[in-house]
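Colleague: fold the following, please.
(one chain, ligands or ions: 1)
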Amino acid sequence: MGNAPCKTIKSVARKNDHVADIALIGLAVMGQNLILNMNDHGWTVCAYNRTTEKVDKFLNNEAKGTKVVGAHSLQEMVAKLKKPRKVMMLVKAGAAVDSFIQQLVPLLEKGDIIIDGGNSEYQDTQRRCQELATKGLLYVGSGVSGGEEGARYGPSLMPGGHSEAWQHIQPIFQSICARSNDEPCCDWVGEDGSGHYVKMVHNGIEYGDMQLICEAYHLMKTALGMTPDEMSEVFAEWNKGELDSFLIEITANILKFKDEDGEPLVEKIRDAAGQKGTGKWTAISGLDYGTPTTLIAESVFARCLSALKDERMKASKVLEAPAHTKFTGDKEEFIENIRKALYASKIVSYAQGFMLLREAAAKFGWNLNYGGIALMWRGGCIIRSVFLGKIKDAFDQNRDLTNLLLDDFFRAAVGRCQAGWRAVVGKGVELGVPVPALAAALTFYDGYRSSVLPANLIQAQRDYFGAHTYELAASPGTFHHTNWTGTGGNVSATTYDA
Ligand code: NBP
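Modeller: As a prediction, this is how the structure comes out:
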């Protein structure tokens, strides 16, 4: 009995030797759908899963009648692959990925490719790239976005890592991904962890987009007293113009969706947001690299504040609200101003996201193609929008663009929206409707366009209490310390930035 299954596997492996173009490990929602997508595009995929019963279940159900083949061990899976072997993992990020890599290394040979399509942290991907390079294996960390439907019919794919792998996986990746104006929403991102980094920033931007939409909804609901159906119509209308995007579209659909009792379902949902960490990682990365990704950070904090539901319920009974909480004035004009505030803030959010990508690229020596990244996000993913086509145009026109706000198109767009944006943020503050992301975007805009900020006083304060030194505006680069009180010494602290 002991040897029997092995013999069966060996003979199956010989019969099907080198038939598969790629192997996919992980038969949960993403893996299964990506396999079926690859199959639709003519690729033969070998499916494997830690719990091997799921392989048979998949072959006998979802994959029945397709070219998909299965394997019940990693040895069998590897034996079925054409060379150079391509093995893609869609498993839980973290230990599962390391465990599979460890098991695959002895089974693969020089030039074979391992791809991680899960939501791994980019530092893990950097580490794995380095480790596998020493073994002659090629490693790719690829962002995959678009959820279940994207995986099945066309995701946004963001691969990065060992560039020699790209020529081998490009035909597969660019055949299964989403397309925008017939261009694939997948291109080579860059070195080591850059694919997963770009996916992380994508998710951070997604947090920002969602929070901005929620603030627009909150203003319409509380300050204007609009019904979900009325708001749905506004979002549907906005989706016909420059805000045309997946998230605005689904918001219109959500707002008009009725529960079984005919009431809007959205109003029954508890107002405490969850999060899985990618927005937080982006905000942390912004702090790590000194990039003011304020809008993403505010969006993460807004979810944290929402989650304090019980505390908020108590506070709402004791903390004073402003005297007036309802908007009085031209309602149609205010709705149009909310649209402008949302659009201008969105521009700031993407400007901040690309600032962060630029900073990370400089830190790690990645040669990122910013226009290509905008195109990868243009279709297939959660933040897909018409607007991303304009970002691609901006970077195509000027590869060295330091900030999206300085591009002619976006500069003019923000200029057009500015008065309405300020009116909305001001009204939110006056009526007590929290608008953290809209306000963060506006204050970033005002900070970024200021040639003079009050940081001279910060420097003076730091030098006063901690002898941290300051530069003079007239002679930057030279550091001075002043004995402000006459009682301090003349020794200064070491000058460095954390
Ligand atoms: P899950 O994230 O739920 O992972 C399920 C897979 O991981 C199964 O194949 C499971 O094997 C395997 N696995 C686990 Br759990 N622990 C393991 C371990 N210790 N060792 C080996 N295998 C292990 O699946 P998913 O939602 O399809 O997502 C796959 C990846 O794609 C994740 O990294 C996810 O973050 C990312 N992603 C998901 C989405 C989405 O919308 N769901 C979108 C974009 C990216 P088992 O069957 O034996 O338990």
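
Colleague: give me the helices and strands touching the lengthiest strand in the chain, please.
Modeller: The residue-count maximum for a strand in the chain (DSSP state E) belongs to strand 138-145. With contacts taken as 3 or more C-beta pairs under 8 Å, 6 or more residues apart in numbering; DSSP states H and E, strand 138-145 sits against strand 113-116, helix 122-133, strand 156-161, helix 166-176, helix 194-218. For glycine as for every other residue, the C-beta is placed from the backbone atoms N, C-alpha and C.

Colleague: among these, show me which one is buried the most.
Modeller: Of all the helices and strands packed on strand 138-145, strand 156-161 has the most neighbours on average by mean count of other C-beta atoms under 10 Å, namely a mean of 30.

Colleague: hmm, that strand touching the ligand?
Modeller: No: figure legend: strand 156-161 not in contact with the ligand (C-beta under 6 Å from any ligand atom); closest approach 9.8 Å.

Colleague: could you check the angle strand 138-145 makes with that strand?
Modeller: Relative orientation of strand 156-161 and strand 138-145, computed by axes from the mean of the first three to the mean of the last three C-alpha atoms, to 10 degrees: 160 degrees.

Colleague: do a quick rundown of the strands in this protein.
Modeller: Taking DSSP E to define them, one finds strands in the chain at 22-25, 45-48, 69-70, 86-89, 113-116, 138-145, 156-161, 179-180, 183-184, 470-472, 475-480.

Colleague: which stretches of the stretch 151-300 of the chain have low pLDDT?
Modeller: Applying pLDDT under 70 to the stretch 151-300 of the chain picks out no residues at all.

Colleague: and the residue of it closest to the ligand?
Modeller: Proximity of the stretch 151-300 of the chain to the ligand (C-beta to the nearest ligand atom) peaks at Ala151, 7.2 Å away.

Colleague: chain neighbours aside, what residue packs nearest to that residue?
Modeller: Nearest residue to Ala151 in three dimensions, chain neighbours excluded: Asn33, at 3.7 Å (C-beta to C-beta, 6 or more residues apart in numbering).

Colleague: what is the burial count for Leu356?
Modeller: Neighbours of Leu356 under the rule other C-beta atoms under 10 Å: 24.

Colleague: hmm, it is touching Trp281, no?
Modeller: No: checked against C-beta atoms under 8 Å, the pair Leu356 and Trp281 is beyond contact range at 11.2 Å.

Colleague: now do the shared contacts for these two.
Modeller: The contact sets of Leu356 and Trp281 overlap at Gly204 (C-beta atoms under 8 Å, 6 or more residues apart in numbering).

Colleague: so for stretch 323-333, what gets flagged as buried?
Modeller: Phe327 (16 or more other C-beta atoms under 10 Å).

Colleague: CA atoms of that stretch as PDB?
Modeller: Taking Å, rounded to 0.1, in the frame of the first residue of the first chain, the C-alpha atoms of stretch 323-333 are listed here in PDB:
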ATOM      1  CA  ALA A 323     -25.800  76.000  16.800                       C
ATOM      2  CA  HIS A 324     -26.700  75.200  13.200                       C
ATOM      3  CA  THR A 325     -26.200  71.900  11.500                       C
ATOM      4  CA  LYS A 326     -28.400  72.200   8.400                       C
ATOM      5  CA  PHE A 327     -27.300  74.000   5.100                       C
ATOM      6  CA  THR A 328     -29.400  77.000   4.100                       C
ATOM      7  CA  GLY A 329     -28.700  78.400   0.700                       C
ATOM      8  CA  ASP A 330     -28.500  77.300  -2.900                       C
ATOM      9  CA  LYS A 331     -28.700  73.400  -2.600                       C
ATOM     10  CA  GLU A 332     -27.900  72.700  -6.300                       C
ATOM     11  CA  GLU A 333     -24.800  75.000  -6.100                       C
END
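
Colleague: could you pull up the mean pLDDT of that stretch?
Modeller: On average, the pLDDT along stretch 323-333 is 97.

Colleague: tally of neighbours for the residue in the stretch 1-150 of the chain positioned nearest to the ligand?
Modeller: Relative to the ligand, the nearest point of the stretch 1-150 of the chain is Gly118 (2.5 Å; C-beta to the nearest ligand atom). By the criterion of other C-beta under 10 Å, Gly118 has 23 neighbours.

Colleague: quick one: the residue nearest to it when sequence neighbours are not counted from Lys110, how far?
Modeller: Once flanking residues are discounted, Gly118 sits nearest to Ala93: 4.7 Å by C-beta to C-beta, 6+ apart. Going from Ala93 to Lys110 by C-beta to C-beta, to the nearest Å gives 27 Å.

Colleague: so those two - more neighbours on which side?
Modeller: Counted by other C-beta under 10 Å, Ala93 and Lys110 do not tie: Ala93 has more neighbours, with 16 against 9.

Colleague: and the more buried one, backbone torsions?
Modeller: phi -70, psi 150 (degrees, to the nearest 10).

Colleague: and the pLDDT at it?
Modeller: Here, the pLDDT recorded for Ala93 equals 94.

Colleague: ok, now which ones touch Val429?
Modeller: Taking C-beta under 8 Å, 6+ apart, one finds Val435, Ala439 in contact with Val429.

Colleague: just the pLDDT for Ala13.
Modeller: Model confidence at Ala13, expressed as pLDDT, equals 46.

Colleague: beta partners of the residue nearest to His162 when sequence neighbours are not counted?
Modeller: In this structure, His162 finds its nearest non-sequential neighbour in Leu138, 4.2 Å apart by C-beta to C-beta, 6+ apart. Going by DSSP bridges, Leu138 is paired in beta bridges with Ile113.

Colleague: could you report the neighbour count for Leu138?
Modeller: 24.

Colleague: and what of the one 3 residues further on?
Modeller: The burial count assigned to Gly141 is 32, neighbours taken as other C-beta under 10 Å.

Colleague: just give the nearest non-adjacent residue to it, would you?
Modeller: Thr125 (3.4 Å).

Colleague: hmm, Gly190 and that neighbour touching each other?
Modeller: No: the criterion here is C-beta under 8 Å, and Thr125 misses it with Gly190 at 11.7 Å.

Colleague: can I get stretch 236-250 in PDB, CA atoms only?
Modeller: Output of stretch 236-250 as PDB, limited to C-alpha atoms (Å, rounded to 0.1, in the frame of the first residue of the first chain):
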ATOM      1  CA  ALA A 236     -24.900  58.400 -11.100                       C
ATOM      2  CA  GLU A 237     -24.700  61.900 -12.600                       C
ATOM      3  CA  TRP A 238     -21.200  62.500 -11.400                       C
ATOM      4  CA  ASN A 239     -20.200  59.200 -12.900                       C
ATOM      5  CA  LYS A 240     -20.900  60.600 -16.400                       C
ATOM      6  CA  GLY A 241     -18.300  63.300 -16.000                       C
ATOM      7  CA  GLU A 242     -14.700  63.700 -14.800                       C
ATOM      8  CA  LEU A 243     -15.400  61.600 -11.700                       C
ATOM      9  CA  ASP A 244     -16.300  58.600 -13.800                       C
ATOM     10  CA  SER A 245     -14.900  55.600 -11.800                       C
ATOM     11  CA  PHE A 246     -15.800  52.200 -10.400                       C
ATOM     12  CA  LEU A 247     -16.100  53.500  -6.900                       C
ATOM     13  CA  ILE A 248     -18.500  56.300  -7.800                       C
ATOM     14  CA  GLU A 249     -20.500  53.800  -9.900                       C
ATOM     15  CA  ILE A 250     -20.900  51.300  -7.100                       C
END
